[in-house]
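In: structure for this input, please:
(one chain, ligands or ions: 1)
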Amino acid sequence: MNKRVLVTGGAGFIGSHVCEMYVAGGYDVLCVDNLTSGKVGNLQGLMGHTRFQFVKEDICNLVGMRYLFETFQPHIVNHHAAQKSVVASLENPMDDLDTNLNGLLMLLACIQKYPIEKFIYVSSGGALSKVIVGDEKSKESDMPQLISPYAITKYAGENYVTIYAKAYDFDYTVLRYANIYGPRQIPDGECGVVPIFVNNILANQPSVLMTYPDMPRGCTRDYVFVEDVVEANRLASEKATNTVLNIGTGQEIAILDIYQAILNTFDKEVPIMMEGPRIGDVKRSVLSNDRAKKILAWYPRTSLEEGLLSLKKAIRARS
Ligand SMILES: NC(=O)c1ccc[n+]([C@@H]2O[C@H](COP(=O)([O-])OP(=O)(O)OC[C@H]3O[C@@H](n4cnc5c(N)ncnc54)[C@H](O)[C@@H]3O)[C@@H](O)[C@H]2O)c1
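Out: Just a heads-up that it's a prediction; the model follows:
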């Protein structure tokens, strides 16, 4: 019998790649998404597949979600649905709370009634980064800065999952993603700096870089190609880890250097404008991936140059 996996947020950028991995791996997949930022078009290659179903539903709708749990009876819940923007969480913390915490609690309420084997919770290593000093990297055991509502709800979510896993006897893995980029990402917020830059560069429009007096090249981030993240989900679905794992490359890159790498990949020259600091921004972010290597045997395989080249090919194939 195939394992059944319910993927929330499966019509989104990362979730749609994860759905593809599950179908290719022989899982029966139920993708649940309310299409706030996700698109049915992201699931084009899966629609009509016998092992794939898509349902437009809001994870905050307990009645609807209970019905899906009752009828589908998932073995695994892979929870990607979220309000994903730090900036939006500061502008509308109620919405962030509703999607990122109430939505999670609705899923956990369903699990109380319809037991599962495994829960994969997607969190944010960038937002939950500690203050980085010198050559340090953020570890899972460090105390996060918690300087945005998004960071608070993701961190609270991790803790809810841990408590429920013990109370209702299921395995869990928290995947703390660094900054992910790749095909299907939309330019809608600070997570989307790569597609924002790519779109501007292709349109020969200047981009904007938020800088700080001590960080003239902008904030630093740890960029992971989406295929590597998909592999982390595959491994976490096969293994019980019962812990939090950073999914990052361990390489700290200034956002201006990302811009430069994109210019090189697309062979373009387009200027960038510098602006002042933005509230809620984690200034430096780089994740230690030692634990993911050790526990999950996960390694980031794609260099930034290779990832940007794959993105370029995907954009060319689409147009
Ligand atoms: N992209 C990154 O760099 C990054 C970094 C760290 C963590 N994450 C996390 O990864 C996950 C996926 O992010 P993404 O970049 O693919 O974003 P995305 O916006 O493309 O995906 C999120 C999906 O969730 C869906 N969704 C939102 N609210 C919902 C609700 N109430 N009910 C059902 N579906 C809902 C959206 O329609 C969308 O399809 C999120 O949990 C995000 O916080 C992303």
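
In: is the longest helix seen in the chain positioned near the ligand?
Out: Longest helix in the chain by number of residues (criterion: DSSP state H): helix 149-167. No - using CB under 6 Å from any ligand atom, helix 149-167 never reaches the ligand; the gap is at least 6.8 Å. C-beta here means a position set from N, CA and C on the backbone, and glycine is covered the same way.

In: where does the stretch 101-250 of the chain have low pLDDT?
Out: 189-190 (pLDDT under 70).

In: residues in the protein within reach of the ligand, list them.
Out: 8-9, 11-15, 33-38, 58-60, 80-82, 84, 99, 103, 122, 124, 177, 179-180, 191.

In: which among those end up buried?
Out: Neighbour counting by 16 or more other CB atoms under 10 Å classes 8-9, 11-15, 33-34, 37-38, 58-60, 80-82, 84, 99, 103, 122, 124, 177, 179-180, 191 among the residues of the chain next to the ligand as buried.

In: quick check: closest non-adjacent residue to the spatially most central residue of the chain.
Out: Central residue of the chain (CA atoms, centre = their mean): residue 177, 5.6 Å from the mean position. Of all residues not flanking residue 177 in the chain, residue 247 sits nearest, at 5.1 Å (CB to CB, 6 or more residues apart in numbering).

In: list phi and psi for the one you found.
Out: For residue 247, the backbone dihedrals (degrees, to the nearest 10) come out as phi -120, psi 90.

In: I'd say it and residue 229 touch.
Out: Yes - if you go by CB atoms under 8 Å, residue 247 and residue 229 touch, sitting 5.9 Å apart.

In: overlap in contacts of those two?
Out: Residues touching both residue 247 and residue 229 by CB atoms under 8 Å, 6 or more residues apart in numbering: 175, 177.

In: hmm, back to that, wait, what's in contact with the residue nearest to residue 177?
Out: 125, 175-178, 224, 228-229, 232, 287, 289, 292, 298.

In: just the ones of these in helices?
Out: Among the contacts of residue 247, the members falling in helices (DSSP H) are 228-229, 232, 292.

In: per-residue pLDDT of whichever residue of the stretch 51-200 of the chain sits closest to the ligand, please?
Out: Nearest residue of the stretch 51-200 of the chain to the ligand: residue 82, at 3.2 Å (CB to the nearest ligand atom). The model reports residue 82 with a pLDDT of 98.

In: can you check residue 1 too?
Out: On the pLDDT scale, residue 1 is placed at 85.

In: please enumerate the strands of the stretch 101-250 of the chain.
Out: 118-124, 171-177, 179-181, 207-210, 220-221, 223-225, 243-247 (DSSP state E, counting those that start in this stretch).

In: okay, helices next: where are they in this structure?
Out: Under the criterion DSSP H, the chain carries helices at the ranges 13-24, 62-72, 86-91, 93-97, 103-113, 149-167, 193-202, 226-238, 255-266, 290-296, 304-318.

In: can I assume residue 98 is in contact with residue 61?
Out: No - with contact defined as CB under 8 Å, residue 98 does not reach residue 61; the gap is 11.6 Å.

In: what about the residue of the chain positioned farthest from its centre, distance to the ligand?
Out: In the chain, the residue that sits farthest from the middle, by CA atoms, centre = their mean, is residue 269; the gap is 30.0 Å. Distance, residue 269 to the ligand, using CB to the nearest ligand atom, to the nearest Å: 27 Å.
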